[in-house]
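J.: I would like the atomic coordinates for the input below:
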Amino acid sequence: MSGTNYQSDLSDEQWELLEKLLPRTKRLGRPPLDRRWVIDAILYVVWTGCPWRAMPRDFPDWRSVYTVFRRWRLDGTWKRLHAALRGPVRKAAGKKPKPTVLLVDSQTAKTTLDTDE
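T.: From the prediction side, this is the model:
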């Protein structure tokens, strides 16, 4: 694990909630990366907006982190996390567990139609 603490790192309490929801690592091949370390690295990229390749060196290699991020996107892990945490997070913020309003934002722009071409 990283010896440096970043603002984006999970607290122990947050990790306890997430750990149960993440898929287990497979025992084949290379030794698995620590899942908390991977989550902290992903949150760092999301929090700072930095490119994957610019992650600090005290995180696992960016390719390994991105591979896990992509695998979890493809297997639905991120959707499951969102579905499991949305209600409790909204409730903690004093809101109803399910959203009651939908906002749609759009923009229209007039164009000139040049038919002489």
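J.: wait, doesn't residue 23 sit right on residue 76?
T.: No - counting by Cβ atoms under 8 Å, residue 23 does not reach residue 76; the two are 9.6 Å apart. All C-beta atoms are positioned from the backbone trio N, CA, C, and that covers glycine.
J.: distance of the residue nearest to residue 39 when sequence neighbours are not counted from residue 56?
T.: Spatial nearest neighbour of residue 39, chain neighbours left out: residue 10 (6.1 Å); criterion: Cβ to Cβ, 6 or more residues apart in numbering. Note on residue 10: its distance to residue 56, by Cβ to Cβ, to the nearest Å, is 16 Å.
J.: same question, residue 14
T.: For residue 14 relative to residue 56 (Cβ to Cβ), the value is 20 Å.
J.: same deal with residue 23?
T.: 26 Å.
J.: and if you look at residue 67?
T.: Residue 67 is 18 Å from residue 56, by Cβ to Cβ.
J.: can you count the residues close to residue 22?
T.: 17 (other Cβ atoms under 10 Å).
J.: does it belong to a helix, a strand or coil?
T.: coil (DSSP: H, G, I helix; E, B strand; the rest coil).
J.: residue ranges for the helices of this structure, please.
T.: 12-19, 35-48, 62-74, 77-92 (DSSP state H).
J.: just the pLDDT for residue 115.
T.: With respect to pLDDT, residue 115 has a value of 66.
J.: where does this structure have low pLDDT?
T.: Scanning the chain for pLDDT under 70 picks out 1-3, 115-117.
J.: pretty sure residue 77 contacts residue 24?
T.: No - if you go by Cβ under 8 Å, residue 77 and residue 24 don't touch, sitting 11.3 Å apart.
J.: that's all I had, so thanks and see you.
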